[in-house]
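A.B. asks: My questions are about this predicted structure, shown below with the sequence.
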Protein chains: 2
Amino acid sequence: MAPTPSVTNGSDIAIGKSPVTSRASSVYSEVQNSRLDHPLALPSVFQKPFKVVNGPESSAAGNPDEIAKLFPSLFGQPSAVLKPSESNDPALALKIGVVLSGGQAPGGHNVISGMFDYLQERCKGSTLYGFKGGPAGIMQGKYIVLTPEFIYPYRNQGGFDMICSGRDKIETPQQFKQAEDTAAKLDLDGLVVIGGDDSNTNACLLAEYFRSKNLKTRVIGCPKTIDGDLKCKEVPTSFGFDTACKIYAEQIGNVMIDARSTGKYYHFVRLMGRAASHITLECALQTHPNITLIGEEVASKKLTLKKVTNYIADVICKRADLGYNYGVILIPEGLIDFIPEVQQLISELNEILANETVDEGGIWKQKLVPQSLQLFELLPSAIQDQLLLERDPHGNVQVAKIETEKMLIQMVETELDQRKEIGQYNGEFKGQSHFFGYEGRCGLPSNFDSSYCYALGYGAGALLQSGKTGLISSVGNLAAPVAEWTVGGTPLTSLMDVERRHGKFKPVIKKAMVELDGAPFKKFASKREDWAIYNRYISPGPIQFSGPVADISNHTLLLELGVEA
Amino acid sequence: MAPTPSVTNGSDIAIGKSPVTSRASSVYSEVQNSRLDHPLALPSVFQKPFKVVNGPESSAAGNPDEIAKLFPSLFGQPSAVLKPSESNDPALALKIGVVLSGGQAPGGHNVISGMFDYLQERCKGSTLYGFKGGPAGIMQGKYIVLTPEFIYPYRNQGGFDMICSGRDKIETPQQFKQAEDTAAKLDLDGLVVIGGDDSNTNACLLAEYFRSKNLKTRVIGCPKTIDGDLKCKEVPTSFGFDTACKIYAEQIGNVMIDARSTGKYYHFVRLMGRAASHITLECALQTHPNITLIGEEVASKKLTLKKVTNYIADVICKRADLGYNYGVILIPEGLIDFIPEVQQLISELNEILANETVDEGGIWKQKLVPQSLQLFELLPSAIQDQLLLERDPHGNVQVAKIETEKMLIQMVETELDQRKEIGQYNGEFKGQSHFFGYEGRCGLPSNFDSSYCYALGYGAGALLQSGKTGLISSVGNLAAPVAEWTVGGTPLTSLMDVERRHGKFKPVIKKAMVELDGAPFKKFASKREDWAIYNRYISPGPIQFSGPVADISNHTLLLELGVEA
């Protein structure tokens, strides 16, 4: 039986201009309700007394000397791991803040629930503050005190609306001071920053700042991003990736069955993931599309847009010969960012558009270098218009607004028309475009993400209780049952390298890109020729929360952990 | 345990140019596999001996005299209902054909499975022929003999790829003769046509043709369409509607949580359903969006595009006053077909474009009547271009290609900019467009659609065994447990009216539109003002196949049956 009544009828009225409204009185669907009391297993280390043990000293992902200079107080600190013990650390009542930073990812609410439950169970009398609307909430001192009643309706639910998120950064000396003031005012023992690579870099800078000023507030990060590009050996995956990929793969699988049933459409599916193509790769492993473009490979092979177009057209021609005039093609959102010649064209266009008028006669085009002109002329006219007309507030071309899937459909169509004329293609081509994006960021978290996030939050609580700072909550051994998962923390400085910006070194957690010699890509590469020609479509279906298939995670994780071949 | 091995590894190679490839060797996901042996309950009438009993004589939905002339052999025949009996009809071995006609809808494979199982159990020695690629398969005599091994991998699976579908019609005398030849060659006792309103009209014409020529082949229809617009008292819903709406509602619910978490986007979601807005209405009842446009209401109130735009802008302004600069808006695919002034403009444009050149100076616009000119000038320039440039093979403007959600975003943006200038709006508006379409047509059927389709197929088998023709398989009492469902057949002529086309009466099954005084619309209308201003979002989550929520059908059905208030 549910220990607390389920969420039922009621309203959700904004108070003033606050972006945060409680779900306490929201109407829930049957499935949402069924998730509220879903029991979450915990790693067994939490079942008994434990202590936080130091691991080996750490270095940096690159340029350790520079990282050491940037983080004099934190650099080199050891990792931490939770080990069974005779007795627990003394159960102090702590004051902890938590903030969600950046884009939504399924499971964020469970990180907070995990922290809350840890504090309730292990540090009675503690207070958990939720900073509202992202890091701006820290700087402006906007928070709510989280209570069991407030948290309950968010358990195992998607979204970030419990305290909402934001994309502000704590960057300037004044902003660090604001954060310090808030920490002092609330007498914070710790702060947990739930975010991606940028947010965790920011968390580390804040940890360094507090430590350097001998303030008591510790800072712990948690790895969040559906893009899956914040990961390393100690942090095998970021939360939200599992759920988002499953949501996209469900849709892709449905479209595949439709393609096969209808027999006359090529579906071009663009998927979220601007920097890295992990989502596209994972969806390919789950569904076996005919063509999958991986940005990192396109960049590595220095492919031109023409070559990408030809590759797609080649497969379509081969399939036409076999009688298939349909198929499914996956495209990462950030594809054209990976094509060097496109980057070149964009930068020339930005230069020209800033200084010249674009005459109708096209004399302005003479400013383009020949290769860029050739590329520009190759683009469909709608895309040309978009490049010339739609600019961001700085006057720059908005690459992000280009609907890559529609551009490719038009380019492939043109290519196939030419091949048809010379007798190299005799099929029928009809493209259908799709973008699967927002619907994956706030779905109900899968069982894996629910449990993973809960453990990340529980672990963050333990790290703070033991006085750790500058670590990212790290839950490992993820292919095993939850009870066998390891829990600890990894020094954020150990994930860092520097980038030179405006003549200064800036610390960055490098995005984990798709490794072309990694197991997931190699698995894909070994299969794709077969998938291209034959129809090996798999339809994963909707995420199930109970039954034998509910607890399976994803191929990327299992391949990287070496438990899937 | 599974009585037959699950579907595992293997290939799916096209043979020649055949559009049909077996799934026998397809790779299945865990969820697909788990569905194969999902036990399907049957209406209790099938548990024991039964007989097919005649109901009252029938008439037509309109113009009975004309329908009587068009269907002299069939008009007025009674409905049929299955009743428990002392003994079964003699179990003759039958030869039956089945065909899928028109667009995909989840559950089609289960209609065929149900027919097959009925014949296996009740009419041993029967043969079931699957006509390939829709009605063209009947005319061309292209079929496969369905076997238990062939059918097994399609049980409870989405798609129509078992025998594929097509949009051809059997219309000309020559085509009827072709169908007759095929029926004679295969010695068919019966034919089941699984399709929408057009296909069932065609099925009835074929039944009349066979009957009028004293041929033994009977024809039974089955109600298929995700659009939900083929229904009447005796046929409470068409299959596929339940699953498709649940798939779209899952996505809408996710987008809602994202909207609430992010707090800065208005999501404009276009949903499938060109003729009727049932899908949009059902999705609204499942998710409670801020704004829902229902085509039938727009037409009934003779709303202009400007009025629709203002209505959306009004809600956005009110929400901005409350601090909400986000929301979710549902739009039926066929919206602009319902706006009379748009129809007028399109027809003028078709006329002008056929006879004039469109000069850059815009002199051609003088040919538009003032109201049409005003509307044209109101449209965003991208839409203007689309109207002028993209034409179908007959030279007509392609209304279907207009991305209504993007058009509305631009129009609302313009309207809000104007209101901002005069101080009537001080929020921030950012629109995000979505189209949820193809991903809903071929999903794994919900438990409801799985059972409903199986019963439809079982019932079709029983009707054919008892020698019925010109009926549509009718399963009723759908709010009760499956065991209590009623099974029978409704005369197709009783669903018909006539339309005058090219001076001739043509029989048509009128599409069931959203009734503005029907329970689903009234429920929606009573709530929408509240949903507009406050956030009553419901996130239905992914379709579950087991657990307490798996068997719930949809609001439209339950409201129309009077079991939901």
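C.D. replies: In hand now; what should we look at?
A.B. asks: now the helix or strand containing residue A:456, how far from the centre of its chain.
C.D. replies: Using DSSP states H and E, residue A:456 sits within helix A:447-465. Average the C-alpha atoms of helix A:447-465, do the same for its chain, and the two points are 18 Å apart (C-alpha atoms, centre = their mean, to the nearest Å).
A.B. asks: Distance of residue A:73 relative to chain B?
C.D. replies: 34 Å (C-beta to the nearest C-beta, to the nearest Å). From N, CA and C alone the C-beta is placed, and that goes for glycine too.
A.B. asks: if we can go back for a sec, let's test this: mean pLDDT of the helix holding residue A:456, rounded?
C.D. replies: Computed over helix A:447-465, the mean pLDDT rounds to 98.
A.B. asks: quick one: is it near chain B?
C.D. replies: No: using C-beta under 8 Å from any C-beta of the partner chain, we find that helix A:447-465 stays clear of chain B, coming within 12.1 Å at best.
A.B. asks: Which elements pack onto the helix or strand that that helix is followed by?
C.D. replies: Using DSSP H and E, the helix or strand that directly follows helix A:447-465 along the chain is strand A:471-476. Identification of packing neighbours for strand A:471-476 by 3 or more C-beta pairs under 8 Å, 6 or more residues apart in numbering or on different chains; DSSP states H and E yields strand A:218-223, helix A:447-465, strand A:486-491.
A.B. asks: got the angle for strand A:471-476 vs strand A:218-223?
C.D. replies: 40 degrees (axes from the mean of the first three to the mean of the last three C-alpha atoms, to 10 degrees).
A.B. asks: Kindly reformat the helices and strands packed on strand A:471-476 as CSV containing distance to residue B:317 and mean neighbour count.
C.D. replies: Output for the helices and strands packed on strand A:471-476, formatted as CSV (distance: least, C-beta to C-beta, whole Å; neighbours: other C-beta atoms under 10 Å in any protein chain shown):
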stretch, distance to residue B:317, mean neighbour count
strand A:218-223, 38, 31
helix A:447-465, 38, 28
strand A:486-491, 48, 26
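A.B. asks: And the ones you listed: which comes nearest residue B:365?
C.D. replies: With C-beta to C-beta as the criterion, residue B:365 lies closest to helix A:447-465 of the helices and strands packed on strand A:471-476, at 55.3 Å.
A.B. asks: Measure how the closest one sits relative to strand A:471-476, angle-wise.
C.D. replies: Going by the same axes, to 10 degrees, helix A:447-465 makes 140 degrees with strand A:471-476.
A.B. asks: Now for chain A, the helix or strand with the poorest mean pLDDT.
C.D. replies: helix A:381-389 (a mean of 83; mean pLDDT, DSSP states H and E).
A.B. asks: which element follows that one toward the C-terminus?
C.D. replies: helix A:404-421.
A.B. asks: so what does that next one touch, helix or strand wise?
C.D. replies: Under the contact criterion of 3+ C-beta pairs under 8 Å, 6+ apart, helix A:404-421 touches strand A:266-271, helix A:305-321, strand A:327-332, helix A:381-389, strand A:431-436.
A.B. asks: give me that answer again for 7 Å
C.D. replies: Packing partners of helix A:404-421 (3 or more C-beta pairs under 7 Å, 6 or more residues apart in numbering or on different chains; DSSP states H and E): strand A:266-271, helix A:305-321, strand A:327-332, strand A:431-436.
A.B. asks: OK, contacts around whichever residue of the stretch 351-500 of chain A sits closest to chain B?
C.D. replies: Closest approach between the stretch 351-500 of chain A and chain B, counting by C-beta to the nearest C-beta: residue A:442, at 3.8 Å. Residue A:442 makes contact with A:104, A:106, A:158-159, B:254, B:257-258, B:261 under the criterion C-beta atoms under 7 Å, 6 or more residues apart in numbering or on different chains.
A.B. asks: Can you classify it by secondary structure?
C.D. replies: Recorded secondary structure, residue A:442: coil (DSSP: H, G, I helix; E, B strand; the rest coil).
A.B. asks: In terms of helices and strands, where is residue A:559?
C.D. replies: Per DSSP H and E, residue A:559 falls inside helix A:555-560.
A.B. asks: I am assuming residue A:93 contacts residue A:122, so please confirm or correct that.
C.D. replies: No: if you go by C-beta atoms under 7 Å, residue A:93 and residue A:122 don't touch, sitting 10.5 Å apart.
A.B. asks: Neighbour count: those two, which is higher?
C.D. replies: residue A:122 (19 against 11; other C-beta atoms under 10 Å in any protein chain shown).
A.B. asks: excluding its backbone neighbours, what's nearest the more buried one?
C.D. replies: residue A:91 (5.8 Å; C-beta to C-beta, 6 or more residues apart in numbering or on different chains).
A.B. asks: where's that neighbour relative to residue A:304, distance?
C.D. replies: 62 Å (C-beta to C-beta, to the nearest Å).
A.B. asks: neighbour-wise, which of the two wins?
C.D. replies: Taking other C-beta under 10 Å, residue A:91 and residue A:304 do not tie; residue A:304 has more neighbours (18 against 14).
A.B. asks: do you know how far the more buried one is from residue A:338?
C.D. replies: Separation of residue A:304 from residue A:338 (C-beta to C-beta) stands at 11 Å.
A.B. asks: Number of residues surrounding residue A:171?
C.D. replies: Residues near residue A:171, counting by other C-beta under 10 Å: 11.
A.B. asks: What parts of the stretch 151-300 of chain A come near chain B?
C.D. replies: A:158-161, A:164-165, A:251, A:254-255, A:257-258, A:260-263 (C-beta under 7 Å from any C-beta of the partner chain).
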